[in-house]
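Visitor: okay, here's the prediction I keep looking at, along with the sequence it came from:
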Amino acid sequence: MSTSLHAQHTNPRTPPPGPKRVLNEGEDGLFTQSWFPICLSSDVPPETVKGYDFLDGRVVVYRGADGRVQVASAYCPHMGASLEVGKMIGDSLRCAFHHWEYNLDGVCTKTMVGDPPPPNACLFVFPTQERYGLVWAFNGDAPLYDLPSFPFPEDELAFKTIELPGLSGVDPWVQCCNTPDMQHIKALHGITFGQADPHDLVRWTDHSCCYDFVGTHVNGEHVENSIGVYGTSLYYQSTYINGKWFGFLVPMGLPRPGKSKNFMVAAGKISDGTPDEVAAWLDFVLDFEIRVVGEDLPIMETMRFRPGTLTQSDKTFARYLSFLRQYPRAHPSADFIK
Ligand code: FES
Ligand SMILES: [Fe+2]
């Protein structure tokens with residue numbers, strides 16, 4: 001009988017129950033209702049159309065001669081040709097197959113042979129906006145919230161927006177979980193908080209979670225950060241580093257379940273220098289943040305996201321999980337984009 005002592009030190013074999021799971025994107029046929037970036041604005045000049053994967057389907061982004069841009073379902077209601085191989089004629093998107101034309105509201109306005117367009121020959125048009133150098137589509141019939149602004153008027157800021165190569169192997173909301181995860185900010189990114197964890201100062205809405213902290217970065221820079229996540233698809237940061245301001249965003253697209261298409265936006269104040277100095281500052285911001293995000297990526301790529309044994313320091317992260325479990329889900333474009 002020599003087993004009991006040893007058995008006391010054996011790890012329990014039952015995994016911890018953990019908080020109730022958050023549904024993956026597309027798992028129930030639905031997706032979270034957020035503003036998702038589709039492409040860089042510069043990818044779609046006036047009078048062009050491009051096709052992109054979105055919500056496990058296909059959409060087109062088309063821009064009229066007047067500059068207005070629209071995200072819509074890709075497949076022509078006539079016989080299903082993808083409009084991404086069509087052509088813009090002024091403000092109309094012309095299908096390559098039989099030359100039916102769609103206006104920027106997604107309505108078929110004419111057929112090439114002169115038959116009247118069937119009244120239901122319409123594309124699904126997503127609520128669309130162009131901001132921070134990106135074209136965004138909202139997964140829903142109407143937006144539930146707006147994108148955040150930086151603390152300075154936009155015409156006083158310079159921006160640099162880039163698309164990261166490849167796709168990240170997790171849903172955008174899993175990446176968003178990094179922001180309320182205060183433990184990882186200290187452990188993985190090596191940032192020292194100059195205060196107690198601000199769990200009780202987090203500002204919550206139905207569509208965002210934001211908080212401020214002061215700290216010291218790994219190379220000794222003093223940082224005053226205001227950070228947050230909006231919806232399930234956008235990391236927001238407004239930072240003074242050694243007294244100088246920058247803004248930073250990571251907009252995360254959702255081409256298909258389990259994948260994120262990541263962009264980065266750096267913002268700086270135009271008044272902070274000559275155009276060359278401001279451009280150099282934006283490059284510094286992107287380099288600085290690519291290093292930070294580079295610390296997250298190998299973990300995002302290889303993990304099986306499974307919150308289990310959380311502790312007191314995970315308080316805000318745990319609340320974000322419950323925010324996600326209540327987050328609105330829908331897929332109104334399902335019949336159009338597949
Ligand atoms: S399939 Fe588009 S016009 Fe016929
Ligand atoms: Fe991180």
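Guide: That came through, no problem. Numbering: from 1, shown residues only. Ligands and ions are numbered 1, 2, ... in the order given.
Visitor: run through the bridge partners of the residue nearest in space to the middle of the chain.
Guide: What sits nearest the mean C-alpha location of the chain, by Cα atoms, centre = their mean, is Met252, with 2.5 Å. According to DSSP bridges, the residues that bridge with Met252 are Asn262.
Visitor: how close does it sit to ligand 2?
Guide: 13 Å (Cβ to the ion, to the nearest Å). No exception for glycine: its C-beta is placed from N, CA and C like everyone else's.
Visitor: I'd say that residue and Lys259 touch.
Guide: No. Between Met252 and Lys259 there is no contact under Cβ atoms under 8 Å: 9.9 Å.
Visitor: now do the shared contacts for these two.
Guide: Ser168 (Cβ atoms under 8 Å, 6 or more residues apart in numbering).
Visitor: so what's the closest residue to ligand 1 within the stretch 151-300 of the chain closest to, chain neighbours aside?
Guide: With Cβ to the nearest ligand atom, the shortest gap between the stretch 151-300 of the chain and ligand 1 falls at Pro255, namely 23.7 Å. Nearest residue to Pro255, sequence neighbours excluded (Cβ to Cβ, 6 or more residues apart in numbering): Asp53, at 3.7 Å.
Visitor: residues in contact with the one you found?
Guide: 59, 255-256.
Visitor: element containing the residue lying closest to Pro251 once chain neighbours are set aside?
Guide: In space, not counting the residues next to it along the chain, Pro251 is nearest to Pro37; the distance is 4.0 Å by Cβ to Cβ, 6+ apart. Under the criterion DSSP states H and E, the helix or strand holding Pro37 is strand 35-40.
Visitor: what lines up beside the very next helix or strand once past that strand in the sheet?
Guide: Scanning forward in sequence from strand 35-40 by DSSP H and E, the next helix or strand is strand 48-54. Using DSSP bridges, the strands paired with strand 48-54 are strand 57-63 (antiparallel).
Visitor: what's the partner strand in contact with?
Guide: 38-39, 43-53, 69-75, 82-84, 86, 88, 93, 104, 126, 135, 137, 333-334, 336-338.
Visitor: and the angle from that strand to strand 35-40?
Guide: 60 degrees (axes from the mean of the first three to the mean of the last three Cα atoms, to 10 degrees).
Visitor: SS state for the closest residue to ligand 2 within the stretch 51-200 of the chain?
Guide: Distances between the stretch 51-200 of the chain and ligand 2 by Cβ to the ion are smallest at Asn178, namely 4.0 Å. Following DSSP: H, G, I helix; E, B strand; the rest coil, we place Asn178 in the coil state.
Visitor: that one: neighbour count?
Guide: Residues near Asn178, counting by other Cβ atoms under 10 Å, number 20.
Visitor: with Pro153 instead?
Guide: By other Cβ under 10 Å, neighbour count at Pro153 equals 8.
Visitor: what of Asp91?
Guide: Using other Cβ under 10 Å, Asp91 has 20 neighbouring residues.
Visitor: thought Asp66 was touching it, still the case?
Guide: Yes. At 6.4 Å, Asp91 and Asp66 qualify as touching, with contact defined as Cβ under 8 Å.
Visitor: report the contact partners of the residue of the stretch 51-200 of the chain closest to ligand 2.
Guide: Here Asn178 is in contact with 184, 235, 296 (Cβ under 8 Å, 6+ apart).
Visitor: of the residues you listed - the most surrounded one?
Guide: Tyr235 (22 neighbours).
Visitor: so where's the stretch 151-300 of the chain uncertain?
Guide: Applying pLDDT under 70 to the stretch 151-300 of the chain picks out no residues at all.
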